[in-house]
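Enquirer: give me a 3D structure for the following:
(one chain, ligands or ions: 2)
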Amino acid sequence: MQVTFYGHACFEVKSMNHSLLFDPFITPNPLAGTVDVSALSPNYILLSHGHEDHVADVVTIQEQSKAKLISNYEVVNWFGKQGIEDGHPMNHGGTYNFDFGRVKMVNAVHSSSMPDGSYGGNPAGFVIEVDQKTFYYSGDTALHMDMKLIGESYDIDFALLPVGDNFTMGVEDALIASDFVGTDKIVALHFDTFPYIKMDHAKAKQMAIDAGKTLIILNIGEKINF
Ligand code: NI
Ligand code: MN
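Expert: Numbering: from 1, shown residues only. Ligands and ions are numbered 1, 2, ... in the order given. Below you'll find the model as predicted:
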């Protein structure tokens, strides 16, 4: 499985036969200027919540790729009004078998509203089983005890977690989160994009090493295989 970072909370996960794109926020992100949005052709777009910094490029990418949108009921509904008819609504605690694998929508502690201010439902994360691997994409969230349930129910291979602090968990809590879900491999998201979430990379990596974990901080456009 190949994971590519497109900045902020946006990742593409390529399985053997499918491509999943998470939380696309590329064209408004000055750090992601090297990413060619027109070249993205995912089969699915998964959205953790409705905030602008997670959905900015959804309509463009969906139009060019005809990807199916997976998110909560309110987010899928809102994009339906923007012309995206191919959506799959879920809600917290629900699991569904897609053609690429199995997705569970799990809790996140954050807020959610759509870019026009309308109701975005509750923010979520996803546990995804694909090609004999299982990973957790937490979305924007605080550290919370429900993450322990994920660790009890799944054998997580790696977790994509926010580390930028201020709006979400910081590094310290992300390290605890990785304990709760039962993995030592953390892929960092939600850092550096805005002044409030600028992060000292060397310090963050050292904190992870001290905790016996690996914090993977990808450059924008960089890929990693799991
Ligand atoms: Ni948010
Ligand atoms: Mn965010």
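Enquirer: what about Pro149, helix or strand, and which?
Expert: Not quite, residue 149 is Leu, not Pro. helix 147-153 (DSSP states H and E).
Enquirer: helices and strands around that helix, which ones?
Expert: Packing partners of helix 147-153 (3 or more CB pairs under 8 Å, 6 or more residues apart in numbering; DSSP states H and E): helix 171-181. No exception for glycine: its C-beta is placed from N, CA and C like everyone else's.
Enquirer: give me the contacts around the helix it packs on.
Expert: Here helix 171-181 makes contact (CB atoms under 8 Å, 6 or more residues apart in numbering) with 136, 138, 142-143, 145, 147-148, 150-151, 154, 156, 159, 161-163, 165, 169, 184-186, 188, 199, 203-204, 207-208, 211, 213, 215.
Enquirer: can you verify my assumption that Val109 contacts Thr141?
Expert: Yes - with contact defined as CB atoms under 8 Å, Val109 counts as touching Thr141 (5.2 Å).
Enquirer: assign Pro28 to helix, strand or coil.
Expert: Three-state call for Pro28 (DSSP: H, G, I helix; E, B strand; the rest coil): coil.
Enquirer: surely it touches Val55?
Expert: No - at 10.6 Å, Pro28 does not count as touching Val55 under the criterion of CB under 8 Å.
Enquirer: can you give me the helices in this protein?
Expert: 52-55, 58-65, 73-81, 147-153, 171-181, 201-210 (DSSP state H).
Enquirer: and the shortest one, does that touch ligand 2?
Expert: Yes - contact between helix 52-55 and ligand 2 is present through Asp53 (criterion: CB under 5 Å from the ion).
Enquirer: which residues are contacting that helix?
Expert: Against helix 52-55 from outside (CB under 8 Å, 6+ apart): 8-9, 23-25, 28, 47-48, 75, 114-115, 139-140, 193.
Enquirer: at 6 Å what do you get?
Expert: Ala9, Asp23, Phe25, Leu47, Pro115 (CB atoms under 6 Å, 6 or more residues apart in numbering).
Enquirer: do the same with the third one
Expert: Applying CB under 6 Å, 6+ apart, the external contacts of helix 73-81 come out as Leu47, Gly50, Leu69, Gly87, Pro89, Asn91, Met114, Tyr119, Gly120, Gly121.
Enquirer: which among the contacts of helix 171-181 are in contact with ligand 2?
Expert: Of the contacts of helix 171-181, not one also sits near ligand 2 (CB under 5 Å from the ion).
Enquirer: any of those buried? List them.
Expert: Among the contacts of helix 171-181, the ones that count as buried by 16 or more other CB atoms under 10 Å are 136, 138, 143, 147, 150-151, 154, 156, 159, 161-163, 165, 169, 184-186, 188, 199, 204, 207-208, 211, 213, 215.
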